[in-house]
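[1] got a structure for you, letters missing:
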């Protein structure tokens, strides 16, 4: 079940992760065979997956099946994939086109 | 209880009835239709009450801004005497940063009043942040269910940002890979928690948008002495346009109601591969067209968003055009706002040039921007995903393959859709869903209301399909 794709997800693999740590788990909701028929082939080919964050109920290692308690108090079971999940989104790379738009607009306004 | 896909889908009506608190059967006609106005009235919230609820919760009364510099630029490309004044309703000023706060405010208030402990909404968009924000205000728990990743776990930056914002307001965010089975997961969660389904498509949500249409009509009249000639609404699920148009009618404004969507034709919304080939996660034709021709494909039995009842015209613009006007808004007006909300601005910039100088066109929304949502991460993400980003004529853009930024603002040109084609698609869909034929249609009065046409026109359209 865990191919190369999943391995890159795991963060920290040395020490045990302590109870009450903030973590993220992964759940296969529907295997590819169980998916609804009304979807494109490329979607049907892959499982339907879910990710949920919460607090670890017991000490555990990455890749183990664990229970977490979410911020709404739900207990969710899944494979432990991350400790201390954070936000990695940003502003991407510099895109020169944006400066070019500014230049076009200034020329049009001045011209 | 059996939680398999089949078992949950079989319990769908029961779960929805409990979680929305509305018995949709009460509105059904004997035939294929239902009583739309009865459903809208069933909420028990009149306009004044909705306005009070919104004012008490940081929602509404947003400024109407005069985009003087953008108007001046549009006039540069118009015939002498042409180039309408472009006004912008700055909905980013709502709590949670978009007009969606108007929808969430009524739904969440209602959930609290009925004694629900929490609310759930299925949305990858600004609506999630809106529900989370209002839930925080009312002390309710909140779960937002998002379609977020493709099978390689690559997340759309805009959706990841919205997840962050929901979590900032204390919500639990359940993130899913691409697929319509999101509805199954939503039903599972509703059953497990017993929370209120703050669906985008209930009469509470749509009723909450009526204040937007009413406010902009009154604000325009107070400042300029007349109602706007045209109001442009970004159209996806249809609720924004429906609510706004109803608010305009309440103010007795006779403005043309114009729908605007980003053209994403050719991209399949349930495709794992296409998911990250698009730069817009809402306001696009992938929602706008299917929800116009079959509003009841939503997560409640009868959607309160029914855009063909109110729409006068429907235009599309390209992703490149919307990105360009997003930068225009920042550069010329000093307003940094999210790209998707500027879909209607791109359409207005084009249409204003065909309107007279003394006319007014209102762009009825903006949305917040930031990491992930901003034009730069979106263009950067597109380039990373192999999309060719270049300058040229936007009409040459191929969704999923290219983003063509106009090499000159004069090339921004909204393309008109034929509403009769949408009406015919609606009729085809009704015939199919209810196993009818063209010759044994029932509820023709209802169909005329739905499509805003008379019987003769209905006959004519049926003859053409």
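    The structure has been received and is ready for your questions. Keep in mind that what you see is a predicted model, and the values were worked out from it rather than measured. Numbers count the residues shown, from 1 in each chain, chains lettered A, B, ... in the order given.
[2] Pick out the residue of the stretch 101-250 of chain B closest to chain A.
    The nearest approach of the stretch 101-250 of chain B to chain A comes at residue B:151, 3.9 Å away (CB to the nearest CB). Every C-beta, even on glycine, is put in place using the N, C-alpha and C of the backbone.
[3] Ramachandran angles for that residue?
    Backbone torsions of residue B:151, given as degrees, to the nearest 10, read phi -70, psi -10.
[4] per-residue confidence at it?
    We have a pLDDT of 92 for residue B:151.
[5] State the number of residues packed around residue B:77.
    Using other CB atoms under 10 Å in any protein chain shown, residue B:77 is surrounded by 19 other residues.
[6] ok so, going back, could you pull up the contacting residues of the residue of the stretch 101-250 of chain B closest to chain A?
    A:46, A:47, A:49, B:177, B:178, B:272 (CB atoms under 8 Å, 6 or more residues apart in numbering or on different chains).
[7] mind listing the strands for chain A?
    A:22-30, A:48-56, A:65-69, A:75-83 (DSSP state E).
[8] residues contacting the residue nearest to residue B:203 when sequence neighbours are not counted?
    In space, and not counting its chain neighbours, residue B:203 is closest to residue B:304: 4.4 Å by CB to CB, 6 or more residues apart in numbering or on different chains. When contacts are counted by CB under 8 Å, 6+ apart, residue B:304 touches B:36, B:39, B:40, B:201, B:202, B:203, B:205, B:206, B:207, B:239, B:242.
[9] Let me know the closest of those to residue B:217.
    Using CB to CB, residue B:242 comes nearest to residue B:217 of the contacts of residue B:304, at 15.6 Å.
[10] surely the closest one meets residue B:311?
    No. Residue B:242 lies out of contact with residue B:311 (CB atoms under 8 Å); the separation is 9.1 Å.
[11] the more surrounded of those two?
    Remark: of residue B:242 and residue B:311, residue B:242 carries more neighbours, 32 against 23, as counted by other CB under 10 Å.
[12] if I pick that one, what's in contact with it?
    By CB under 8 Å, 6+ apart, the contact set of residue B:242 is B:206, B:209, B:304, B:305, B:306, B:307, B:309, B:310.
[13] Wait, a helix at residue B:316?
    No. Read with DSSP: H, G, I helix; E, B strand; the rest coil, residue B:316 is strand and lies in no helix.
[14] just to revisit the earlier point, by neighbour count, which of the contacts of residue B:151 wins?
    Within those, neighbour counts (other CB under 10 Å) peak at residue B:178, which reaches 28 neighbours.
[15] Redo the contacts of residue B:151 as CSV? Include pLDDT.
    Listed next are the contacts of residue B:151 as CSV, based on pLDDT from 0 to 100:
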residue, pLDDT
A:46, 94
A:47, 94
A:49, 96
B:177, 95
B:178, 94
B:272, 91
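[16] wait, which of those is closest to residue B:69?
    Using CB to CB, the contacts of residue B:151 come closest to residue B:69 at residue B:178, 40.1 Å.
[17] for that closest one, phi and psi?
    Main-chain dihedrals, residue B:178, degrees, to the nearest 10: phi -70, psi 130.
[18] what's the distance between it and residue B:286?
    In this view, residue B:178 and residue B:286 are 12 Å apart by CB to CB, to the nearest Å.
[19] where exactly do the helices run in the stretch 101-250 of chain B?
    Ranges of helices within the stretch 101-250 of chain B are B:126-138, B:157-168, B:182-193, B:203-224, B:239-250, based on DSSP state H, counting those that start in this stretch.
[20] again, but for chain A
    Counting by DSSP state H, one finds helices in chain A at the ranges A:4-7, A:41-44, A:96-110.
[21] Give me whichever of those is most buried.
    Of all these, helix A:41-44 has the most neighbours on average by mean count of other CB atoms under 10 Å in any protein chain shown, namely a mean of 17.
[22] do that one and chain B meet?
    Yes. Helix A:41-44 comes into contact with chain B (CB under 8 Å from any CB of the partner chain), by way of A:42, A:43.
[23] what sits up against that helix?
    For helix A:41-44, the external contacting residues (CB under 8 Å, 6+ apart) are A:32, A:35, A:37, B:178, B:179, B:270, B:271, B:272, B:273.
[24] could you dump these to TSV with distance to residue B:63?
    As requested, those are arranged in TSV below (distance: CB to CB, whole Å):
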residue	distance to residue B:63
A:32	50
A:35	47
A:37	49
B:178	38
B:179	40
B:270	39
B:271	40
B:272	41
B:273	42
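[25] ok, so of those, who is nearest residue A:98?
    Comparing the contacts of helix A:41-44 against residue A:98 with CB to CB places residue B:273 closest, at 27.3 Å.
[26] Let me see the mean pLDDT of stretch B:411-423.
    For stretch B:411-423, the mean per-residue pLDDT is 98.
[27] Show me which residues of it are buried.
    B:411, B:412, B:413, B:414, B:417, B:419, B:422, B:423 (16 or more other CB atoms under 10 Å in any protein chain shown).
[28] so the fourth one makes contact with residue B:260?
    Looking back up the chat, that one is residue B:414. Yes. Between residue B:414 and residue B:260 there is a contact under CB under 8 Å: 7.2 Å.
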